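Visitor: could you look at this predicted model? Sequence included:
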Amino acid sequence: MQPKPIAELILKGFKRHFSLFRDSTSEASRYFNQADWQGFQQQSSERISFYDQRVNETLQLLRKELPDPGVRAGFWHEVKQLYSEFLLMHPQAELAETFYNSVFCRLFERKYFHNKNIFVETTLNRQQLPAPVASVYDSYFPVQNSLKQTLRQIIASFHFGPDFIQLDRDIRLLVRSFMAQSSHGQHPLHQIRFDILKGAFYRNKAAYIVGRAVTPQGQQPFIIPVLHQQACSTATSEGLYLDTLITEPQQMSVIFGFSRAYFMVDSQVPSALIQFLRELLPHKTLAELYASIGFHKQGKTEFYRELLQHLHHSSDQFVAAPGIRGLVMMVFTLPSFPYVFKVIRDEFPESKQISRAMVKTRYLQVKKHDRVGRMADTMEYSDVALPKDRFAPELLAELEQSIAGSLRFEDDLVVIKHLYIERRMIPLNLYLEQVDSTEKTRIMKDYGQALKDIIAANIFPGDMLLKNFGVTRHKRVIFYDYDEVQYLLDVNFRTLPKAESIDDALYNEVSVAPGDVFPEQITTYVTAQPELRELLQQHHPELMDASYWQQMQQRIRAGQFDDVFPYPDGMRFCMQYAEDYP
């Protein structure tokens, strides 16, 4: 077979993937308008598998056309060249490159993964992508004394289905908040322009309007969350309301953070959307931004390129990650690069009644689940080649001992068969050793809240030891060890039987069935430090009560989804301007 039909077949597979991806994404607005949170979460979860499904379909078709797809001299190089020509004016060119890579890499061995055959380096000049950034946003120009009308026009452009409960009030508070938070609010109205991304960003129970205010002095990025009903009002009216105005860069970064589910936002030209977001969030990498809007495979591509660039411009060595060694994962890091690399150990101790396949399943389970801002996203890779001379000798020796089944050497490369990559955080147990009593109190309070947020999303962490949680640069507690997670509904929470006599306490054993958990023992297992136990009991005593966990199970069974806001309660309009809420 000739190279051209092969290139066309792969591109056809990508077009099918992107079409189905957009169809799925477009359903988000319907779920939001109907307040169908269960349907939304299912759609969001299923969309994550679309990419691999389409790659597998394309491989099946390709194998029919090429029963023996062996790498013949120059053949696949020509396929890639033709494919590149098809992408010259393609609106999703960078995504199509990644799709091609995925197809090729599942056909052949790692030794063929070089730039002649695949897009290790992109062939695209990002400054010459076909669609201008302006195609993804609309601009609004308020004239004198019409700021409220302009904001009303912006809200109306999204065509939300339900009516707003009190839109006049919300816009009044929006203007007040904008004036208070931004120096741009001091400019005459004719000197302000609003650039608003055309698509709302849907996630969990919220829709987010994302944009910027532009004046002669610069730009002010902002996010406006739109919610259903009024969680902090006694009003019984149903409908929509504007919850707050977010302009603080750190808080915007948290909303687009790695511990949250992917947004569902429709865009015909993702590269243009990403370019706009980079201007609003300059500290976010391409990998982080692509992943945040659901293109997690493109995020992996961009991350790998970032890693290669960093290795080229740095000289430090990979070392074992700080903290207590994990029983299931061997974890290492590059000190100058803010990520950790996790490899499943060849053998587990008897206390870990799990298999390698089960570990993989649980990591995928978390990836497809609502992470509610409390569980780190992971990037999963196969056959990753890293320079051998960048590994500290003691780390290399430890890897050969603990993950030999996933490790091989090719010339001057270390090749790891399967690994996960996560954002590096300070292990919570180490963080608590470094801070004063005030910060210990705050962080243990946040640890307890992290547990509550996670279980509200129908996830039971399993091993809740402090070492399995980390502290981000924003000082938030995040869970990152998933080998024992399970759905909350699959756990049987019990109260410890009370001993009626000394003999009962000494000789009677509590009958424990698989899946039984006794919340009263949580503080005992979480930490041996009395000070930390007392803080957890003081701020979250319900976590030690089996009835609390049972009530959370009942809520989940009833289809009730708690509000988990990616910003502090104190930022909400109903908290800042309580007098405006009945």
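Guide: Right, received. Where do you want to start? Numbering: from 1, shown residues only.
Visitor: OK, contacts around residue 137?
Guide: Residues near residue 137 by CB atoms under 8 Å, 6 or more residues apart in numbering: 195-198, 211, 276. Using the backbone N, CA and C atoms, a C-beta is placed for each residue, glycine as well.
Visitor: for ChimeraX, write the selection for the buried entries among those residues.
Guide: A single ChimeraX command suffices to select whichever of the contacts of residue 137 are buried according to 16 or more other CB atoms under 10 Å:
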select :195,196,197,211,276
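Visitor: which one of the contacts of residue 137 is nearest residue 517?
Guide: residue 197 (43.8 Å; CB to CB).
Visitor: mind checking pLDDT for residue 71?
Guide: For residue 71, the model assigns a pLDDT of 68.
Visitor: ok, back up a step: just checking, which of the contacts of residue 137 belong to helices?
Guide: Secondary structure assignment by DSSP state H places residue 276 of the contacts of residue 137 in helices.
Visitor: between the contacts of residue 137, which sits nearest residue 549?
Guide: Using CB to CB, those come closest to residue 549 at residue 197, 40.0 Å.
Visitor: pretty sure that closest one sits against residue 210.
Guide: Yes - if you go by CB atoms under 8 Å, residue 197 and residue 210 touch, sitting 4.8 Å apart.
Visitor: tell me who's in contact with the closest residue to residue 22 other than its chain neighbours.
Guide: Setting aside the residues directly before and after it, residue 22 is nearest to residue 266 in space (CB to CB, 6 or more residues apart in numbering), at 6.1 Å. By CB under 8 Å, 6+ apart, the residues touching residue 266 are 22, 25-26, 28, 199.
Visitor: which one among those gets closest to residue 92?
Guide: Taking CB to CB as the measure, residue 92 lies nearest residue 22 of the contacts of residue 266, at 9.9 Å.
Visitor: in what helix or strand does that closest one lie?
Guide: helix 3-26 (DSSP states H and E).
Visitor: in whichever helix or strand comes after that helix, what counts as buried?
Guide: Following helix 3-26 in sequence order, the next helix or strand is helix 28-33 (DSSP H and E). If you call a residue buried by 16+ other CB under 10 Å, then helix 28-33 has these buried ones: 28-29, 31-32.
Visitor: now which of the contacts of residue 266 would you call buried?
Guide: Among the contacts of residue 266, those buried by neighbour count (16+ other CB under 10 Å) are 25, 28, 199.
Visitor: closest to residue 405 out of those?
Guide: Within these, the smallest distance to residue 405 is 38.9 Å, found for residue 25 (CB to CB).
Visitor: which strands and helices sit next to the strand or helix carrying residue 301?
Guide: Take DSSP H and E as the rule and residue 301 turns out to sit in helix 296-312. Applying 3 or more CB pairs under 8 Å, 6 or more residues apart in numbering; DSSP states H and E, we find helix 296-312 packed against helix 93-107, helix 286-292, strand 379-387.
Visitor: for these, which one sits closest to residue 492?
Guide: Minimum separation from residue 492 across the helices and strands packed on helix 296-312 (CB to CB) falls at strand 379-387, 31.1 Å.
Visitor: tell me which helix or strand comes right after the closest one.
Guide: Using DSSP H and E, the helix or strand that follows strand 379-387 in sequence is helix 393-402.
Visitor: contact partners of that following helix?
Guide: 317-320, 330, 332, 343, 345-346, 388, 391, 407, 414.
Visitor: at 6 Å instead, please
Guide: With contact meaning CB atoms under 6 Å, 6 or more residues apart in numbering, helix 393-402 is reached by 318-320, 330, 332, 345, 407.
Visitor: drop anything exposed from these.
Guide: 318, 330, 332, 345, 407.
Visitor: quick one: the closest residue to the fourth one other than its chain neighbours and residue 278, what's the gap?
Guide: Read it as residue 345. Leaving out its chain neighbours, the residue that sits closest to residue 345 by CB to CB, 6+ apart is residue 402, at 5.1 Å. From residue 402 across to residue 278, the span is 39 Å (CB to CB, to the nearest Å).
Visitor: pLDDT on the helix holding residue 301, on average?
Guide: When pLDDT is averaged along helix 296-312, the result is 97.
Visitor: against which helices or strands is the helix holding residue 22 packed?
Guide: helix 50-65, helix 75-86, helix 93-107 (3 or more CB pairs under 6 Å, 6 or more residues apart in numbering; DSSP states H and E).
Visitor: look at residue 402 and residue 278 and report which has more neighbours.
Guide: Higher neighbour count among residue 402 and residue 278: residue 402, with 19 against 16, using other CB atoms under 10 Å.
Visitor: tell me the pLDDT at that one?
Guide: With respect to pLDDT, residue 402 scores 97.
Visitor: same deal with residue 365?
Guide: 95.
Visitor: can you tell me the SS state at it?
Guide: What DSSP: H, G, I helix; E, B strand; the rest coil gives for residue 365 is helix.
Visitor: count of neighbours near it?
Guide: 15.
Visitor: ok so, going back, wait, which of the helices and strands packed on helix 3-26 is closest to residue 299?
Guide: With CB to CB as the yardstick, what comes closest out of the helices and strands packed on helix 3-26 is helix 93-107 (9.6 Å).
Visitor: please identify the buried residues of the helix or strand just after that closest one?
Guide: With elements assigned by DSSP H and E, the helix or strand that comes after helix 93-107 is strand 137-140. Under the neighbour-count criterion of 16+ other CB under 10 Å, strand 137-140 has 137, 140 buried.
Visitor: again with stretch 338-347
Guide: Across stretch 338-347, burial judged by 16+ other CB under 10 Å covers 339-345.
Visitor: then stretch 165-183?
Guide: Neighbour-count burial for stretch 165-183 [16+ other CB under 10 Å]: 165-167, 169-178, 182.
Visitor: among the residues you listed, which two are most distant?
Guide: Checking the buried residues of stretch 165-183 with CB to CB, the most distant pair is 165 and 182, at 25.6 Å.
Visitor: residue ranges with poor pLDDT in the stretch 51-200 of the chain?
Guide: Residue ranges of the stretch 51-200 of the chain with pLDDT under 70: 69, 71, 125-132, 144-145, 182-187.
Visitor: rerun that using 90 as the cut-off
Guide: 64-75, 88-89, 108-112, 114, 123-135, 142-147, 178-192 (pLDDT under 90).
Visitor: mind giving me the domain split of this protein?
Guide: Here the domain parsing of the chain from automatic domain parsing is 3-126, 133-309+569-580, 313-424, 428-557.
Visitor: can you put these in a markdown table and add distance to residue 563?
Guide: Shown next, in a markdown table, are the domains of the chain (distance: least, CB to CB, whole Å):
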| stretch | distance to residue 563 |
| --- | --- |
| domain 3-126 | 10 |
| domain 133-309+569-580 | 5 |
| domain 313-424 | 10 |
| domain 428-557 | 9 |
